[in-house]
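1. sharing a model that was predicted from the sequence below.
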Amino acid sequence: MKKGLLEYTNNDLENASVETVYNAVLKLTQNKIKETPHVSGERKVYYMSAEFLIGKLLTNNLMNLGIYDEVKDILASHGRSISEIEDFDPEPSLGNGGLGRLAACFLDSIATLGINGEGLGLSYHYGLFKQVFKDHQQTEEKDVWLDKPSWLRPTEHTYPVTIGDTKLQSRMYEIDVLGYNKEKTTLRLFDLESLDEKLVEKGIEFDQEAIDKNLTLFLYPDDSTEKGLRLRFAQQYFMVESGIQYIIETHKEHLDELDKHIVIQINDTHPAMAVLLLIKKLLEHDISFEKAVSIVSSVFAYTNHTILAEALEKWPLAYFEAVDSEMLSILMKLDEVVKKRSTNPNVQLIDKDNLVHMAALSIHFSFSVNGVAALHTDILVNSELKDYADMYPGKFNNKTNGITFRRWLQFSNPSLSQYIEDKIGDGFKKDATELVKLESFINDETVLHDIMDIKQAQKERLKDFLLLSDNVSLDTNSILDIQIKRLHEYKRQQLNLLYIIYMVQKIEKGYKPKRPVTFIFGSKAAPAYTIAKDIIHALLTLSTIIEKDALLSQYIHIIFVENYNVTKAEYLIPACDVSEQISLASKEASGTGNMKLMLNGAITLGTLDGANVEIKDHVGDDNIYIFGEDSDTIITHYENADYVSRDYYNSIPELKDAVDYLVSETMLAEGNKVNLERLYNELLNKDWFMTFIDFEDYVKVKDQMFEDYEDKLKWAKMSLMNIANAGFFSSDRTIADYNKDIWKV
């Protein structure tokens, strides 16, 4: 190995540039990967997703190959640090949030468990966008990642794709995904051959109508305009058409019994057009419509990730007609099939407004529909999708999400991982449930102190990182209260904002906290999501006000990390004390950040929503902080339309004071009047995701949490119990369940 590194750097490892050393390590690693066997089997699963947020791959690949320490030592012996090579490694901009990170975890577990499966998606040149803060506002720029050597490699596979009258060509690219057991799988990504990066002008603006040049520029093009909506539809079509052509090419010998050879798992409704396009391809191979429908209905499985109406995609019938008239013809035939099955308007494929419901397409013509947490699936079956569940008894099932423990513990927190290994052995790396052995140390004060010392060391590591990445200084003696997730009103970053204002106002009245608190946020708001951007503006404005105030800055810090991504998560998560999981009950399907944070010893502050419910079941009531109304209560409020935010505002003085502060002279002097007043009016007159309903309980429980932090032994026990009981939330367990109950590969 040393010989190879020297050879690739012309025997000058000491003086070679960082890029040269990186390329040498990259080449060495890729050669090792070539020797790694690919997962195989007679039956195959294709995991089709619009996002694969895989993060940096170098360290993960070195670790899974078992050569990380050897490479690190060789570099060190020549005066080189592996960290400079890790920093140079580009982070692929192939996803945004939990949906994409989950897909990445699943591929890791598919390879680790030796399941014959691959990922299918798109190769985005600029991802979602690069978030840049200017004047307390989010602005968007290109997130460039393909300007360096990367793990993405082109193949000879190309496919013709016709969208309307426009003839395009798709090329397939590959990224190897290594499992922990020395097998690998492949992430196959399709790109537009005629893409023109010069199309992007200021920020992320580009000609949305030039589909022959723009289809793979960005993930989720802005859908606030008709042009943007049509582009997003065309992008999904391009992804699915490319993927289906690859599948047909691969399995052309078995098309008349395709369901015996493959499963296609569609990750949310973005790839739902695959149902239509696979039928289209089967018809082209002289398979009857009835048989094609039967085959397809036994090939597809659908994962539902949300009950939010905005994410349950509905597309105008005219879009199908404009893109592919044959696809439209198939859609109309399927509509007739559905009408014969049921006259219930709630389950129709095409509604009275000529909108095509992609969730309906996914449910009617699949053999499995799964939610991603016990509560979420329960809501789907008994409320949101009840008519479908009644129509197809046995089709719905739950698969609680999971995370790759190797990445979020062994890779992100090696000191904690090594400490655990010293105490209970290394079996937890393959079987995460072995972490429960840590419970035997619950009364061992030496271990408890060691756990807290590791946490403190991670805070110091985060401090160094944030100084370089964001030019901010972290108080490592403060409580780190972290909320890292997509910016959306249902995730309720605005509730956290109101708590910080409440804390500001308490301090101004003479209250002195026992310890400073650093509130850390990391999230992007969709470019057209005005209120989400207003929340970011309010937090950045408040941060500056606190920073300038001699009294407040002793006790409160707000850090909003810019352009939050997997790399930043790998530093933030191991250092976290308080894990903010405060979505409105019934709205978060699962969450996976909550799992990563508990694994690293953070304590959850959350509602009984998503996987928080199962986290509570595993750690016990004494090792989690739960607040707020339950999902049944919230769902009833929506059904009765009886929630009035102003009633809470008028009856809770601390809430009124906090909300009024948003448009106070202090905030208006530092921030933008339009942003602040719009957020104020939205909360006061609408508050669709019921921020106010949980405010009092949130304040009470969070105050208690900060008090409890001062009892270090008690806190360390809670931390240990969270780590010990995180094993259930392994993506290895999730994927094993998918395979046992759905894929049967």
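-> Arrived safely. Numbers count the residues shown, from 1 in each chain.
2. show me how far the one helix or strand residue 538 maps to is from its chain's centre.
-> For residue 538, the host element (DSSP states H and E) is helix 530-548. Here helix 530-548 is found 24 Å from its chain centre; the criterion is C-alpha atoms, centre = their mean, to the nearest Å.
3. state the mean pLDDT of that helix.
-> For helix 530-548, the mean pLDDT works out to 98.
4. now stretch 392-412
-> Rounded mean pLDDT across stretch 392-412 is 95.
5. got the contact list for the residue nearest the centre of the chain?
-> With distances taken as C-alpha atoms, centre = their mean, residue 98 lies nearest the centre of the chain, 1.5 Å away. Contacts for residue 98 (C-beta atoms under 8 Å, 6 or more residues apart in numbering) come out as 305, 401, 485, 486, 590, 591, 592, 593. C-betas here are computed from N, CA, C, even on glycine.
6. in the helix holding residue 538, what counts as buried?
-> 531-543, 545-546 (16 or more other C-beta atoms under 10 Å).
7. can you give me the strands for the stretch 201-350 of the chain?
-> 262-267, 300-303, 314-316 (DSSP state E, counting those that start in this stretch).
8. closest one to residue 229 among those?
-> Residue 229 lies closest, by C-beta to C-beta, to one member of the strands of the stretch 201-350 of the chain: strand 314-316, at 8.2 Å.
9. adjacent strands (with direction) for the longest strand that the chain contains?
-> Within the chain, and with DSSP state E defining each element, the longest strand by residue count is strand 166-178. Sheet pairing of strand 166-178 (DSSP bridges) gives strand 153-163 (antiparallel), strand 184-192 (antiparallel).
10. any residues touching the longest one, and which ones?
-> Which is strand 153-163. Identification of contacts with strand 153-163 by C-beta under 8 Å, 6+ apart yields 167-175, 190, 193, 211, 234, 237-238, 241-242, 245-246, 249, 323-324.
11. 7 Å - rerun?
-> 167-174, 211, 234, 237-238, 241-242, 245-246, 323 (C-beta atoms under 7 Å, 6 or more residues apart in numbering).
12. in that strand, which residues are buried?
-> Per 16+ other C-beta under 10 Å, strand 153-163 contains these buried residues: 157, 159, 161, 163.
13. can I get the CA coordinates of the worst-scoring helix or strand of the chain on mean pLDDT in PDB?
-> Taking mean pLDDT, DSSP states H and E as the measure, the chain has helix 2-8 as its least confident helix or strand, at a mean of 79. Provided in PDB are the C-alpha atoms of helix 2-8 (Å, rounded to 0.1, in the frame of the first residue of the first chain):
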ATOM      1  CA  LYS A   2       2.800   2.400   0.900                       C
ATOM      2  CA  LYS A   3       4.500   1.600  -2.400                       C
ATOM      3  CA  GLY A   4       1.300   2.500  -4.200                       C
ATOM      4  CA  LEU A   5       0.900   5.800  -2.500                       C
ATOM      5  CA  LEU A   6       4.500   6.700  -3.300                       C
ATOM      6  CA  GLU A   7       4.200   5.600  -6.900                       C
ATOM      7  CA  TYR A   8       1.000   7.700  -7.400                       C
END
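14. any idea how far it is from the chain center?
-> Chain-centre distance of helix 2-8: 38 Å, with C-alpha atoms, centre = their mean.
15. I'd like to know which elements that helix is packed against.
-> Here helix 2-8 touches helix 18-34, going by 3 or more C-beta pairs under 7 Å, 6 or more residues apart in numbering; DSSP states H and E.
16. now what about the helix it packs on, what contacts it?
-> For helix 18-34, contacts defined as C-beta under 7 Å, 6+ apart pick out 1, 4-5, 8-9, 13, 58, 61-62, 65, 67, 71, 80, 84-85, 88-89, 149, 176, 178, 184.
17. any of these buried? List them.
-> Among the contacts of helix 18-34, those classed as buried by 16+ other C-beta under 10 Å are 5, 8-9, 13, 58, 61-62, 65, 67, 71, 80, 85, 88-89, 176, 178, 184.
18. report pLDDT for the closest residue to residue 126 other than its chain neighbours.
-> Among residues not flanking residue 126 along the chain, residue 142 sits closest, at 4.3 Å (C-beta to C-beta, 6 or more residues apart in numbering). Residue 142 is assigned a pLDDT of 96 by the prediction.
19. surely residue 142 and residue 130 touch.
-> Yes: applying C-beta atoms under 7 Å, one finds residue 142 in contact with residue 130, separated by 6.3 Å.
20. and the helices in the stretch 201-350 of the chain, which stretches?
-> 211-214, 226-250, 274-284, 289-299, 317-323, 325-341 (DSSP state H, counting those that start in this stretch).
21. centre of the chain to the shortest one, how far?
-> When C-alpha coordinates are averaged (C-alpha atoms, centre = their mean), helix 211-214 and its chain have centres 27 Å apart.
22. tell me what that helix is packed against?
-> So helix 211-214, by 3+ C-beta pairs under 7 Å, 6+ apart, packs with strand 166-178, helix 226-250.
23. let's have these in JSON lines, adding mean pLDDT.
-> Listed next are those as JSON lines, based on pLDDT from 0 to 100:
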{"stretch": "strand 166-178", "mean pLDDT": "98"}
{"stretch": "helix 226-250", "mean pLDDT": "97"}
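24. identify whichever of these lies nearest to residue 451.
-> Here strand 166-178 is closest among the helices and strands packed on helix 211-214 (C-beta to C-beta), at 29.9 Å.
25. which parts of the closest one are buried?
-> Applying 16+ other C-beta under 10 Å to strand 166-178 flags 168, 170, 171, 172, 173, 174, 175, 176, 177, 178 as buried.
26. with stretch 415-428 instead?
-> Applying 16+ other C-beta under 10 Å to stretch 415-428 flags 416, 417, 419, 420, 424, 428 as buried.
27. what residues does that stretch touch?
-> By C-beta under 7 Å, 6+ apart, stretch 415-428 touches 409, 410, 434, 435, 437, 438, 441, 450, 454, 457, 574, 600.
28. please flag which of the residues you listed sit within helices.
-> Members of the contacts of stretch 415-428 lying in helices (criterion: DSSP state H): 450, 454, 457, 574.
29. go through those and say which is closest to residue 382.
-> residue 574 (37.9 Å).
30. list the contacts of that closest one.
-> Contacts of residue 574 by C-beta under 7 Å, 6+ apart are 412, 413, 416, 458, 600.
31. redo that, cut-off 10 Å
-> Applying C-beta atoms under 10 Å, 6 or more residues apart in numbering, we find residue 574 in contact with 408-409, 412-417, 454-455, 457-459, 461-462, 596-597, 599-602.
32. what's the ChimeraX line that selects buried ones from those?
-> Here the buried members of those are turned into a ChimeraX selection, burial being counted by 16+ other C-beta under 10 Å:
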select :408,409,412,413,416,417,454,455,457,458,459,461,462,596,597,599,600,601,602
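33. now, the contacts of residue 574 that are in strands?
-> Per DSSP E, strands hold no members of the contacts of residue 574.
34. redo the buried residues of stretch 415-428 as TSV? Include pLDDT and distance to residue 362.
-> Output for the buried residues of stretch 415-428, formatted as TSV (pLDDT from 0 to 100; distance: C-beta to C-beta, whole Å):
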residue	pLDDT	distance to residue 362
416	98	40
417	97	38
419	98	44
420	98	40
424	98	42
428	95	36
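35. reformat those as JSON lines; add distance to residue 521.
-> Below are the buried residues of stretch 415-428 laid out as JSON lines (distance: C-beta to C-beta, whole Å):
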{"residue": "416", "distance to residue 521": "24"}
{"residue": "417", "distance to residue 521": "27"}
{"residue": "419", "distance to residue 521": "29"}
{"residue": "420", "distance to residue 521": "29"}
{"residue": "424", "distance to residue 521": "34"}
{"residue": "428", "distance to residue 521": "31"}
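36. doesn't residue 102 belong to a strand?
-> No: counting by DSSP: H, G, I helix; E, B strand; the rest coil, residue 102 is not found in a strand; it is helix.
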